[in-house]
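Student: missing the sequence, but the structure's below:
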(Lines give C-alpha, C1' and ligand atoms only; values in the text may rest on other atoms or scores of the structure.)
Protein backbone atom coordinates (compact mmCIF):
# COMPACT_ATOMS: atom_id res chain seq x y z
CA UNK A 1 0.00 0.00 0.00
CA UNK A 2 2.85 2.37 0.79
CA UNK A 3 4.31 1.85 -2.69
CA UNK A 4 0.99 2.71 -4.31
CA UNK A 5 0.72 5.97 -2.35
CA UNK A 6 4.22 7.11 -3.32
CA UNK A 7 3.81 6.14 -6.96
CA UNK A 8 0.57 8.11 -7.15
CA UNK A 9 2.25 11.10 -5.47
CA UNK A 10 5.11 10.93 -7.97
CA UNK A 11 2.70 10.88 -10.90
CA UNK A 12 0.74 13.77 -9.38
CA UNK A 13 3.94 15.79 -8.99
CA UNK A 14 4.97 15.05 -12.59
CA UNK A 15 1.51 16.07 -13.78
CA UNK A 16 1.61 19.36 -11.86
CA UNK A 17 5.08 20.18 -13.25
CA UNK A 18 3.91 19.43 -16.79
CA UNK A 19 0.79 21.54 -16.29
CA UNK A 20 2.86 24.53 -15.17
CA UNK A 21 5.36 24.25 -18.05
CA UNK A 22 5.15 26.65 -20.97
CA UNK A 23 4.14 24.93 -24.17
CA UNK A 24 5.03 25.66 -27.79
CA UNK A 25 3.45 24.29 -30.93
CA UNK A 26 5.78 22.65 -33.42
CA UNK A 27 5.36 22.68 -37.21
CA UNK A 28 3.18 19.55 -37.06
CA UNK A 29 0.75 21.31 -34.71
CA UNK A 30 1.69 19.26 -31.66
CA UNK A 31 2.34 20.94 -28.31
CA UNK A 32 5.49 20.25 -26.31
CA UNK A 33 7.26 21.86 -23.32
CA UNK A 34 9.25 24.93 -24.33
CA UNK A 35 13.03 24.91 -24.07
CA UNK A 36 14.79 27.63 -22.10
CA UNK A 37 16.14 29.39 -25.20
CA UNK A 38 12.64 29.51 -26.73
CA UNK A 39 11.25 31.15 -23.59
CA UNK A 40 14.07 33.72 -23.55
CA UNK A 41 13.62 34.51 -27.24
CA UNK A 42 9.87 34.99 -26.80
CA UNK A 43 10.49 37.25 -23.80
CA UNK A 44 12.98 39.36 -25.77
CA UNK A 45 10.54 39.71 -28.65
CA UNK A 46 7.80 40.76 -26.24
CA UNK A 47 10.08 43.33 -24.59
CA UNK A 48 11.11 44.69 -27.98
CA UNK A 49 7.49 45.11 -29.04
CA UNK A 50 6.62 46.87 -25.79
CA UNK A 51 9.66 49.14 -25.83
CA UNK A 52 9.66 50.15 -29.50
CA UNK A 53 8.26 53.66 -29.69
CA UNK A 54 6.69 53.58 -26.25
CA UNK A 55 9.34 53.59 -23.53
CA UNK A 56 11.04 56.83 -22.82
CA UNK A 57 14.76 56.61 -22.18
CA UNK A 58 14.67 59.45 -19.69
CA UNK A 59 17.13 58.29 -17.02
CA UNK A 60 20.30 56.24 -16.70
CA UNK A 61 18.40 53.61 -14.68
CA UNK A 62 15.87 53.05 -17.47
CA UNK A 63 18.66 52.71 -20.05
CA UNK A 64 20.57 50.32 -17.78
CA UNK A 65 17.54 48.08 -17.26
CA UNK A 66 16.77 48.04 -20.98
CA UNK A 67 20.35 47.12 -21.88
CA UNK A 68 20.72 44.55 -19.13
CA UNK A 69 17.75 42.65 -20.56
CA UNK A 70 19.32 42.74 -24.03
CA UNK A 71 23.01 42.14 -23.27
CA UNK A 72 23.18 40.52 -19.84
CA UNK A 73 22.97 36.93 -21.05
CA UNK A 74 25.36 37.12 -24.01
CA UNK A 75 28.57 35.03 -23.83
CA UNK A 76 30.36 37.22 -26.40
CA UNK A 77 31.07 40.91 -26.90
CA UNK A 78 28.62 43.02 -28.88
CA UNK A 79 28.57 46.60 -30.07
CA UNK A 80 24.96 47.74 -30.27
CA UNK A 81 23.07 50.93 -31.04
CA UNK A 82 19.79 52.08 -29.52
CA UNK A 83 18.11 54.44 -32.00
CA UNK A 84 15.96 57.14 -30.40
CA UNK A 85 13.42 59.62 -31.75
CA UNK A 86 13.23 63.33 -30.84
CA UNK A 87 11.46 62.50 -27.54
CA UNK A 88 14.10 59.88 -26.58
CA UNK A 89 11.75 56.96 -27.27
CA UNK A 90 13.26 53.76 -28.65
CA UNK A 91 12.92 53.49 -32.40
CA UNK A 92 15.06 50.36 -32.70
CA UNK A 93 17.79 48.33 -31.05
CA UNK A 94 20.45 46.92 -33.37
CA UNK A 95 23.38 44.66 -32.52
CA UNK A 96 25.71 45.94 -35.22
CA UNK A 97 28.95 44.10 -34.51
CA UNK A 98 29.60 40.79 -32.79
CA UNK A 99 32.96 39.82 -31.41
CA UNK A 100 34.59 37.07 -29.42
CA UNK A 101 34.83 36.64 -25.67
CA UNK A 102 37.38 39.44 -25.34
CA UNK A 103 37.08 41.79 -28.33
CA UNK A 104 34.91 43.20 -31.08
CA UNK A 105 35.61 45.48 -34.02
CA UNK A 106 33.52 48.60 -34.67
CA UNK A 107 33.28 50.51 -37.94
CA UNK A 108 32.08 54.10 -37.28
CA UNK A 109 31.10 54.60 -40.91
CA UNK A 110 28.55 51.76 -40.64
CA UNK A 111 27.14 53.18 -37.40
CA UNK A 112 26.61 56.61 -38.97
CA UNK A 113 25.16 55.11 -42.16
CA UNK A 114 22.67 53.02 -40.17
CA UNK A 115 21.62 56.03 -38.05
CA UNK A 116 21.00 58.11 -41.17
CA UNK A 117 18.99 55.32 -42.82
CA UNK A 118 16.78 55.03 -39.74
CA UNK A 119 16.44 58.80 -39.41
CA UNK A 120 17.47 58.61 -35.75
CA UNK A 121 17.49 61.78 -33.69
CA UNK A 122 19.77 60.35 -30.99
CA UNK A 123 21.82 57.23 -30.38
CA UNK A 124 22.93 55.22 -27.37
CA UNK A 125 26.14 53.38 -28.24
CA UNK A 126 26.59 50.20 -26.23
CA UNK A 127 29.41 47.72 -25.69
CA UNK A 128 29.32 44.84 -23.23
CA UNK A 129 31.99 42.82 -21.44
CA UNK A 130 30.61 39.31 -20.83
CA UNK A 131 31.45 37.32 -17.75
CA UNK A 132 33.72 34.38 -18.47
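Tutor: Arrived safely, thanks for sending. Keep in mind that this is a model prediction, so the values were computed, not measured.
Student: Looks to me like residue 58 is in a helix.
Tutor: No - Residue 58 sits outside any helix when classified using DSSP: H, G, I helix; E, B strand; the rest coil, being coil.
Student: Please enumerate the helices of this structure.
Tutor: For the chain, applying DSSP state H gives helices covering 2-20, 36-51, 60-71, 108-117.
Student: Pull up the per-residue confidence for residue 54.
Tutor: At residue 54, the predicted lDDT confidence score is 54.
Student: In space, not sequence, find me the middle residue of this structure.
Tutor: With distances taken as Cα atoms, centre = their mean, the residue of the chain nearest its centroid is residue 44 (3.3 Å).
Student: Tell me where this protein is predicted with low confidence.
Tutor: When residues are selected by pLDDT under 70, those of the chain lie in 1-20, 47-54, 132.
Student: Give the buried residues for the longest strand seen in it.
Tutor: Ranked by residue count under DSSP state E, the longest strand found in the chain is strand 90-98. Of all the residues in strand 90-98, those buried under the rule 16 or more other Cβ atoms under 10 Å are 90-91, 93, 96-97. To be clear about C-beta, it is placed using only N, CA and C from the backbone, and glycine gets the same treatment.
Student: With stretch 113-120 instead?
Tutor: 114-115, 120.
Student: same thing with stretch 78-88?
Tutor: Under the neighbour-count criterion of 16+ other Cβ under 10 Å, stretch 78-88 has 78-84, 88 buried.
Student: Can you lay out those as a markdown table showing distance to residue 65?
Tutor: Formatted as a markdown table, the buried residues of stretch 78-88 follow (distance: Cβ to Cβ, whole Å):
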| residue | distance to residue 65 |
| --- | --- |
| 78 | 17 |
| 79 | 20 |
| 80 | 15 |
| 81 | 18 |
| 82 | 12 |
| 83 | 18 |
| 84 | 16 |
| 88 | 15 |
